[in-house]
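Asker: no sequence on hand, only this structure:
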């Protein structure tokens with residue numbers, strides 16, 4: 001959805017938000033609340049003031065203003081609040097901590113405010129400022145000439161950083177980290193140095209590689225899928241995983257791996273296919289520049305960051321990779337169990353080979369579908385799905401949490417499905433948004449999307465039919481739907497036709513948009529008997 005921002009500020013800030021469709025308040029002016037804004041930003045910086053008692057008093061007034069603004073902004077619209085952090089200080093009495101106490105108090109109260117107001121999102125401004133020395137933060141010429149507290153030379157970096165912050169808040173990040181092994185996860189070459197000769201743990205550089213693996217495991221715990229793509233002998237690697245206790249990332253942490261002497265671009269493409277994810281959701285880490293260049297040439301959608309020249313730079317490297325590709329505002333339950341879900345899918349695929357009849361195979365899975373109306377516990381996950389799901393997504397509309405609350409507030413339907421079977425729980429993996437016209441007894445499917453993990457088992461058909469039955473029971477007579485083509489959703493091009501919807505508008509030559517309609521004439525849409533359906 002298009003965004004228009006309104007920015008509350010106490011300093012000149014236009015250059016830092018010039019990439020946004022934004023308008024600005026006057027300095028310290030909270031009297032205006034423009035209705036046409038979709039998002040609001042609280043961007044107050046710590047003023048330059050030599051008298052600490054005046055400064056601490058002003059900080060306290062900041063919170064009162066912020067609290068007032070929060071009450072005025074509709075709960076369906078997001079408010080980004082920047083934390084306070086000093087840009088400059090010239091404290092004479094080093095034992096006087098009143099300023100730090102006031103700053104901490106503001107930030108703590110802002111965090112509490114976000115916990116009680118779901119539309120308030122905290123932006124840790126210190127994480128940006130720590131990248132610069134105190135001398136870089138302020139340009140005194142611009143400060144005195146135009147009341148610009150923050151050095152305008154930082155604007156370009158700031159815009160990239162704030163974009164990443166917004167994407168983290170919108171739960172939009174990469175899914176998978178594909179890793180090389182030799183001189184990447186450990187020092188040395190396994191085939192030459194042996195299991196005990198590779199550098200992992202102990203003194204430098206082994207200690208640097210060990211800490212690197214620890215950081216990667218934290219990404220794994222935060223829902224990032226790990227995979228390995230290495231030119232090695234697979235039995236040697238498996239023996240190293242089993243026998244070297246200092247290797248932390250082992251087979252059980254991986255959703256997939258390709259350990260052979262084949263082309264790495266082909267191997268990564270195979271991993272992407274196995275996991276059923278988009279190549280643009282993958283980050284590939286390899287110490288060899290020629291291997292990175294090969295992947296860049298043949299898989300340009302895969303992010304391939306430059307690897308550091310020295311092991312002591314690995315912590316800075318993984319921090320940069322995390323900030324750029326994997327940061328997220330809040331984890332969902334599905335994030336925490338991501339790797340296990342992909343491993344369960346591999347078991348399903350292996351089990352299917354034992355069946356000649358597909359219906360018998362589906363019946364053997366004991367698939368359970370839980371249909372649930374959106375609520376405060378599921379909405380973060382639903383917003384995340386609209387941001388990330390591309391392949392099975394009929395319209396690819398992106399919604400924030402506030403957007404979804406707004407839709408519900410307007411009386412529209414937002415439902416999800418959680419899917420599980422005998423191999424494991426996939427969690428919330430489907431979303432449908434239906435806009436209702438009660439007067440005309442007509443409904444419109446605004447969004448329909450499912451995670452790739454559950455496709456190929458007829459669940460998508462059952463999901464739509466469940467919702468059609470609910471609409472019919474509620475008295476609706478007809479349903480319209482739309483397919484909007486993107487570069488990634490070709491697989492659902494004829495989905496509505498396959499479900500019995502009538503095509504009422506042929507696509508234009510330059511834009512693949514198909515409009516459908518379904519009359520709810522039949523008594524009930526049949527759900528296959530091997531699905532166990534629970535409607536909450």
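Answerer: That came through fine. Here the structure is a predicted model, which is why all the values come from computation and not from measurement.
Asker: in the stretch 151-300 of the chain, which spans are helices?
Answerer: 155-169, 190-193, 206-221, 234-243, 264-275, 289-298 (DSSP state H, counting those that start in this stretch).
Asker: got TSV for those, with mean neighbour count and mean pLDDT too?
Answerer: C-betas here are computed from N, CA, C, even on glycine. Converted to TSV, the helices of the stretch 151-300 of the chain look like this (neighbours: other CB atoms under 10 Å; pLDDT from 0 to 100):
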stretch	mean neighbour count	mean pLDDT
helix 155-169	17	94
helix 190-193	14	94
helix 206-221	18	97
helix 234-243	14	96
helix 264-275	19	94
helix 289-298	15	95
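Asker: closest to residue 491 out of these?
Answerer: helix 264-275 (13.3 Å; CB to CB).
Asker: which outside residues touch the closest one?
Answerer: Applying CB atoms under 8 Å, 6 or more residues apart in numbering, the external contacts of helix 264-275 come out as 176, 178, 225, 227, 229, 231, 255-258, 260, 278-279, 282, 284, 286, 291, 294-295, 297-299, 302, 342, 346.
Asker: ChimeraX command to pick out the buried ones of those?
Answerer: To isolate the buried ones among the contacts of helix 264-275 in ChimeraX, judged by 16 or more other CB atoms under 10 Å, type:
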select :176,178,225,227,229,231,255,256,257,258,278,279,282,284,286,291,294,295,299,302,342
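Asker: about what we covered before: of all the helices of the stretch 151-300 of the chain, which one is nearest residue 314?
Answerer: helix 206-221 (4.2 Å).
Asker: for the closest one, the distance to its chain's centre please.
Answerer: With CA atoms, centre = their mean, to the nearest Å as the basis, helix 206-221 stands 22 Å off its chain's centre.
Asker: how about stretch 179-195?
Answerer: 31 Å.
Asker: can you check stretch 163-179 too?
Answerer: The answer for stretch 163-179 is 4 Å, by CA atoms, centre = their mean.
Asker: likewise for stretch 113-123?
Answerer: 18 Å.
Asker: report the buried residues of that stretch.
Answerer: 113-114, 117-123.
Asker: returning to that earlier point: out of the helices of the stretch 151-300 of the chain, nearest to residue 463?
Answerer: The nearest among the helices of the stretch 151-300 of the chain, by CB to CB, is helix 264-275 at 22.1 Å.
Asker: distance of the nearest residue to residue 376 once chain neighbours are set aside relative to residue 402?
Answerer: Setting aside the residues directly before and after it, residue 376 is nearest to residue 118 in space (CB to CB, 6 or more residues apart in numbering), at 7.0 Å. Residue 118 sits 8 Å away from residue 402, going by CB to CB, to the nearest Å.
Asker: between the two, which contacts overlap?
Answerer: residue 75.
Asker: the longest strand along the chain: how far from the chain's middle?
Answerer: Counting residues, the longest strand found in the chain (DSSP state E) is strand 424-437. With CA atoms, centre = their mean as the basis, strand 424-437 stands 17 Å off its chain's centre.
Asker: domain-wise, how is this structure divided?
Answerer: Residue ranges for the domains of the chain, per automatic domain parsing: 5-169, 176-326, 352-535.
Asker: reformat those as JSON lines; add distance to residue 337.
Answerer: Shown next, in JSON lines, are these (distance: least, CB to CB, whole Å):
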{"stretch": "domain 5-169", "distance to residue 337": "20"}
{"stretch": "domain 176-326", "distance to residue 337": "8"}
{"stretch": "domain 352-535", "distance to residue 337": "7"}
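Asker: quick check: mean pLDDT of stretch 178-186?
Answerer: The average pLDDT within stretch 178-186 is 98.
Asker: hmm, who's touching it?
Answerer: Contacts for stretch 178-186 (CB under 8 Å, 6+ apart): 188-191, 198-200, 206, 209, 212-213, 216, 226-232, 237, 247, 249, 259, 268, 271, 282-288, 291, 302, 307.
Asker: picking that back up, among the buried residues of stretch 113-123, which two are most distant?
Answerer: 118 and 123 (15.8 Å).
Asker: give me the pLDDT value at the spatially most central residue of the chain.
Answerer: Centrality entry for the chain: nearest residue to the mean C-alpha point is residue 172, 2.3 Å, by CA atoms, centre = their mean. Predicted confidence (pLDDT) for residue 172: 83.
Asker: and if you look at residue 229?
Answerer: Residue 229 is given a pLDDT of 98.
Asker: need the contact list for it.
Answerer: 178-180, 257-259, 264, 267-268, 271, 284, 286.
Asker: tell me which of those residues is nearest to residue 99?
Answerer: residue 179 (44.5 Å).
Asker: what is the neighbour count of the closest one?
Answerer: The number of residues packed near residue 179 is 21, by other CB atoms under 10 Å.
Asker: and the longest helix seen in the chain, what does it pack against?
Answerer: Scanning the chain for the helix with the most residues, using DSSP state H, yields helix 52-72. Packing contacts for helix 52-72, counted by 3 or more CB pairs under 8 Å, 6 or more residues apart in numbering; DSSP states H and E, involve strand 39-43, strand 78-82, helix 98-116.
Asker: ok, residue 435 - contacts?
Answerer: Residue 435 touches 407, 412, 443-444, 446, counting by CB under 8 Å, 6+ apart.
Asker: test my guess that residue 333 contacts residue 427.
Answerer: Yes. If you go by CB atoms under 8 Å, residue 333 and residue 427 touch, sitting 5.9 Å apart.
Asker: tell me which of these two has more neighbours.
Answerer: Applying other CB under 10 Å to residue 333 and residue 427 shows that residue 427 carries more neighbours, namely 22 against 15.
Asker: ok, back up a step: of the contacts of residue 435, closest to residue 516?
Answerer: Taking the contacts of residue 435 together and measuring to residue 516 by CB to CB, the closest member is residue 444, at 10.3 Å.
Asker: checking my notes, the closest one in a helix, right?
Answerer: No. Residue 444: not assigned to a helix; according to DSSP: H, G, I helix; E, B strand; the rest coil it is strand.
Asker: number of nearby residues for it?
Answerer: There are 16 residues near residue 444, going by other CB under 10 Å.
Asker: pLDDT weak spots in the stretch 1-150 of the chain?
Answerer: 1-3 (pLDDT under 70).
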